[in-house]
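Enquirer: sequence unknown, structure follows:
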C-alpha cells in the first residue's frame, strides 16, 4: 500500500526474523480506516494508537512478567509489573524484582511512592520502552527526510526510514519503524545508528489501541529485556482505595518517565557538529522535544545518563549509569545545558525523567 516497490536494504534483513516469529493478533487490524500515505501523517496517526499511552486504550489493568539480561545477553533476574490506570493523574504501578521494588500512586491529592522516591530504577525505563509511547512523533525528526520502504521476509511490513539531512548514516544505521502491512501496528523500532531496537509481537487490540503482549528490547543486537503481558484488560471495577498510598509511601513531585531509546533520543542525532540550535516550537502535549543541546566529544566512548528535566524544560539533575568516569564528566557537563520543550500532561507542564546517550 505504501511500499517503494519491494526494495530491501541490509538494515532490515537482520531484524525481520524476530518479527516473523510472532504474528499480529489484533483482530480488527484489517478493518482499519484509510491510512495516510504521507509518512509524516502516518507516524502522527500511528503514535496515537500504539501502546498503553494511547488515548484509545482507556482505563486499563495489566500484569506482566519480565526477564532482564546482562551485557553478554545472559538471562539474569526476573520479576513482575502490575498497573491500574484510570487517567494520567490517577494510577497505581507496582514494580517488583529481587534488586528493585517500588510502588507508585497518583490521585487527586498528588503523587506518592515507596522505595527510592528520588530516581526511577532502570526497570521503570525498560517497562516504559516496552509498553508506552512506542511510535516516534514526526516532530522528533526535524532535519530528517522520511520515506517508505516495503519489506517481506517472514511477514510483510511497511517501514518508515528516517534519513538525516545534515549528516550521513549508513543504511544499517538509520532509524527505522516497521508496521504490519496496511495497518498502523508497530512491529519494530530503532533509534539512530540502531544501537537500540525494540521488537513487538503478539499484538492485541485494547479499545482501539494496539499493545504487544511480547516485547524484546536489544542493545547493539543483544537482548537486554523481555516482557510478557499475562493480563491485559479494561480496568475492572475497583474502588478508589486502589489509588490510595499505603503508610510507607512518601509524597513525591509529579514526574513521568519518557522513553529515550525508541523515541525522544532520536532528536539528539540531528546534529553532526558540537552545537546545534533548533528554532523554538510551540510546546506539544506529551512530547519533550529537544530544543537546544550541546554534544560532547567522547572519542567513541559510550556514556548513558539519566536526567531530570523541570517544568520549563531545563535539565536540573543528571546521573551516569554507564561509561568511563572522565567521559561521564564531559557528558554531564553537556547534558546540564540541554533545553527541552516542556512536557505537558493534561494541559500542565510536568517534570520528567529521560535517558541521554552519548559517544
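Expert: Noted; the coordinates are in hand. What you see is a predicted model; the values in this text were computed from it and never measured.
Enquirer: so residue 145 makes contact with residue 160?
Expert: No - with contact defined as CB atoms under 8 Å, residue 145 does not reach residue 160; the gap is 10.8 Å. Just so you know, the C-beta spots here come from the backbone N, C-alpha and C atoms, and that holds for glycine as well.
Enquirer: So between these two, which is more surrounded?
Expert: Neighbour count, other CB atoms under 10 Å: between residue 145 and residue 160, residue 160 has more, with 24 against 11.
Enquirer: Can you name the next helix or strand after the helix or strand hosting that one?
Expert: If you go by DSSP states H and E, residue 160 is part of strand 155-164. With elements assigned by DSSP H and E, the helix or strand that comes after strand 155-164 is strand 176-180.
Enquirer: Mind giving me the packing neighbours of that next one?
Expert: Contacts defined by 3 or more CB pairs under 8 Å, 6 or more residues apart in numbering; DSSP states H and E place strand 176-180 against helix 10-13, helix 39-49, strand 155-164, strand 186-190.
Enquirer: so which of the ones you listed is the most packed in?
Expert: strand 186-190 (a mean of 26; mean count of other CB atoms under 10 Å).
Enquirer: partners of that one, with directions?
Expert: According to DSSP bridges, strand 186-190 forms sheet pairs with strand 176-180 (antiparallel), strand 196-206 (antiparallel).
Enquirer: quick one: the last one to chain centroid distance?
Expert: Pointing back at strand 196-206 there. Distance of strand 196-206 from the chain centroid (CA atoms, centre = their mean, to the nearest Å) equals 12 Å.
Enquirer: avg pLDDT for the helix or strand following it?
Expert: Following strand 196-206 in sequence order, the next helix or strand is strand 209-219 (DSSP H and E). Taken as a whole, strand 209-219 has an average pLDDT of 95.
Enquirer: now stretch 321-330
Expert: The average pLDDT within stretch 321-330 is 84.
Enquirer: and the end-to-end length of it?
Expert: One end of stretch 321-330 to the other measures 14 Å (CA to CA, to the nearest Å).
Enquirer: ok, back up a step: include mean neighbour count when you put the strands paired with strand 186-190 into JSON lines, please.
Expert: Shown next, in JSON lines, are the strands paired with strand 186-190 (neighbours: other CB atoms under 10 Å):
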{"stretch": "strand 176-180", "mean neighbour count": "25"}
{"stretch": "strand 196-206", "mean neighbour count": "21"}
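Enquirer: thinking again about what came up before, tabulate the helices and strands packed on strand 176-180 (a markdown table), appending distance to residue 69.
Expert: A markdown table is the format used below for these (distance: least, CB to CB, whole Å):
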| stretch | distance to residue 69 |
| --- | --- |
| helix 10-13 | 23 |
| helix 39-49 | 28 |
| strand 155-164 | 25 |
| strand 186-190 | 18 |
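Enquirer: Those: lowest mean pLDDT?
Expert: helix 10-13 (a mean of 36).
Enquirer: Please, which helix or strand holds residue 102?
Expert: Per DSSP H and E: strand 101-107 holds residue 102.
Enquirer: Show residues contacting that strand.
Expert: Residues outside strand 101-107 that contact it (CB atoms under 8 Å, 6 or more residues apart in numbering) are 88-95, 111-116, 120-121, 124, 240, 243-246, 249, 252, 254.
Enquirer: I'd like to know which of the residues you listed are part of helices.
Expert: residue 124 (DSSP state H).
Enquirer: Got the phi and psi for the closest residue to residue 48 other than its chain neighbours?
Expert: Nearest non-adjacent residue to residue 48, counting by CB to CB, 6 or more residues apart in numbering: residue 54, 6.0 Å away. Torsion angles at residue 54 (phi, psi; degrees, to the nearest 10) stand at phi -60, psi 140.
Enquirer: What of residue 329?
Expert: Taking degrees, to the nearest 10 as the convention, residue 329 sits at phi -60, psi -40.
Enquirer: Alright, calling it a day.
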